[in-house]
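S.K.: sequence unknown, structure follows:
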């Protein structure tokens, strides 16, 4: 059992808390939360009224500086709560892990300030280019360096792409790749983003760094942020060295997603029901088989993903590491 303190109860932190509550036997124990924006009372309001992440099966209350979550048939969860800058959190230095989910400390040198007292590791819920390690669940999670103080889980797009690209390369040989992302905006920030915006994506840098077979000049990411709060779209394009037929390749991929190497990470959908059908889906991406095409040596593989719920992969990584981090 590893004790952890969560810094940041924004969209990612909220999804993480919900997923963690659904796993009462988790080897990770969230014992403290800090949020720079929300008081304890505001956190209770968030958990009882969020339009997407439901805590309807819970009774949520504040009690003497603790966030208390009660569920029928389970012991009450009591989490120490602090409101303010992370550096001033009253529980700082007490949990064994610091879960950096605020987005406010994207660099390793900023995160190292939290390694003090009993806290020996910071795990960042975003790309951290100078982290001691980037560990992507389903790809390289078993390569933890015990000396690493700052570990990044990648990002929602890194998790959506890397295990799939690795599988594709091992089975068909990836010559080059492209990813197209149409990314949502949190509902509370829609007014700040009234128009589509093309942006750089950390995946374009991290993909070649994580995948030795993928040269930087043979990989491109087209990332567009749009004023929309629903499930995001992500399309994968691979040029393959030795592709089988389209049906054979998609059958292989469906098998890998169903009960093979990619099970739990991806889902192959036989019908395109629209992005919102996959709201709160735990997979890193939902691959849309009816829209997939193999043209010569190029595979076009449209998909959707609930990017906020990539907190599921973060929790997977936490639980995997907790059993090895001694």
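M.R.: Ah, there it is. These numbers come from a predicted model, not from an experiment.
S.K.: what's the span of stretch 168-179 from first residue to last?
M.R.: End-to-end distance of stretch 168-179 (CA to CA, to the nearest Å): 14 Å.
S.K.: surely residue 128 meets residue 149?
M.R.: No: in this structure, residue 128 is not within contact of residue 149 by CB atoms under 8 Å, at 11.4 Å. Every residue, glycine included, has its C-beta placed from N, CA and C.
S.K.: which residues are in contact with both of these two?
M.R.: Common neighbours of residue 128 and residue 149, counting by CB atoms under 8 Å, 6 or more residues apart in numbering, are 108, 111.
S.K.: count the neighbours of residue 234 for me.
M.R.: 26 (other CB atoms under 10 Å).
S.K.: mind checking the SS state of it?
M.R.: Judged by DSSP: H, G, I helix; E, B strand; the rest coil, the three-state class of residue 234 is strand.
S.K.: okay, now residue 208: neighbour count?
M.R.: 17.
S.K.: hmm, I was thinking of residue 98
M.R.: Residue 98 has 31 nearby residues by other CB under 10 Å.
S.K.: quick one: what helix or strand has it in it?
M.R.: Using DSSP states H and E, residue 98 falls within strand 97-100.
S.K.: buried residues in stretch 297-315?
M.R.: The neighbour-count check on stretch 297-315 (16 or more other CB atoms under 10 Å) flags 299, 301-315 as buried.
S.K.: packing partners of the stretch of helix or strand residue 177 belongs to?
M.R.: Here residue 177 sits within strand 174-183, counting by DSSP H and E. On a contact count with 3 or more CB pairs under 8 Å, 6 or more residues apart in numbering; DSSP states H and E, strand 174-183 meets helix 156-172, helix 202-210, strand 219-225, strand 232-240.
S.K.: contacts for stretch 23-35?
M.R.: Taking CB under 8 Å, 6+ apart as the rule, stretch 23-35 contacts 1-10, 13, 17, 20, 43, 67, 74, 79-84, 86, 89, 91-92, 94-95, 97, 99, 102, 315, 318-319, 322-323.
S.K.: give me the mean pLDDT for that stretch.
M.R.: Averaging pLDDT along stretch 23-35 gives 97.
S.K.: buried stuff in that stretch?
M.R.: 26, 28-35.
S.K.: quick one, helices of the stretch 201-326 of the chain?
M.R.: Counting by DSSP state H, counting those that start in this stretch, the stretch 201-326 of the chain has helices at residues 202-210, 246-259, 311-322.
S.K.: name the residues of the second one that are buried.
M.R.: For helix 246-259, the buried set under the neighbour-count rule, 16+ other CB under 10 Å, comprises 249-250, 252-254, 256-257.
S.K.: now the end-to-end length of stretch 276-289.
M.R.: Using CA to CA, the two ends of stretch 276-289 sit 17 Å apart.
S.K.: now do that stretch, average pLDDT.
M.R.: pLDDT averaged over stretch 276-289 gives 97.
S.K.: list the contacts of that stretch.
M.R.: 19, 52-53, 138, 156, 159-160, 163-164, 230-231, 234, 250, 253-254, 257, 264-270, 272, 301-306, 309-310, 312-313.
S.K.: within the sheet, what are the partner strands of the strand holding residue 98, with directions?
M.R.: strand 2-7 (parallel), strand 121-124 (parallel) (DSSP bridges).
S.K.: quick one: which of these is nearest residue 182?
M.R.: Between residue 182 and those, the shortest gap by CB to CB is with strand 121-124, which sits at 24.8 Å.
S.K.: still on that earlier bit, now the helices of the stretch 201-326 of the chain in CSV, with distance to residue 119 and mean pLDDT?
M.R.: CSV is the format used below for the helices of the stretch 201-326 of the chain (distance: least, CB to CB, whole Å; pLDDT from 0 to 100):
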stretch, distance to residue 119, mean pLDDT
helix 202-210, 25, 98
helix 246-259, 37, 98
helix 311-322, 14, 98
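S.K.: of all these, which one is nearest residue 118?
M.R.: Among the helices of the stretch 201-326 of the chain, helix 311-322 sits nearest to residue 118 (CB to CB), with 14.8 Å.
S.K.: domain ranges for this protein?
M.R.: Domain assignment for the chain, taken from automatic domain parsing, gives 2-125, 156-307.
S.K.: residues contacting stretch 173-181, please?
M.R.: So stretch 173-181 is contacted by 157, 161, 165, 168, 201, 203, 207, 213-215, 218-224, 232-242, 297 (CB under 8 Å, 6+ apart).
S.K.: list the buried ones in it?
M.R.: 174-175, 177-181.
S.K.: so, low pLDDT: which residues of this protein?
M.R.: 326 (pLDDT under 70).
S.K.: rewinding a little: please identify the deepest-packed of the strands paired with strand 97-100.
M.R.: With neighbours taken as mean count of other CB atoms under 10 Å, the strands paired with strand 97-100 reach their highest mean count in strand 121-124, at a mean of 25.
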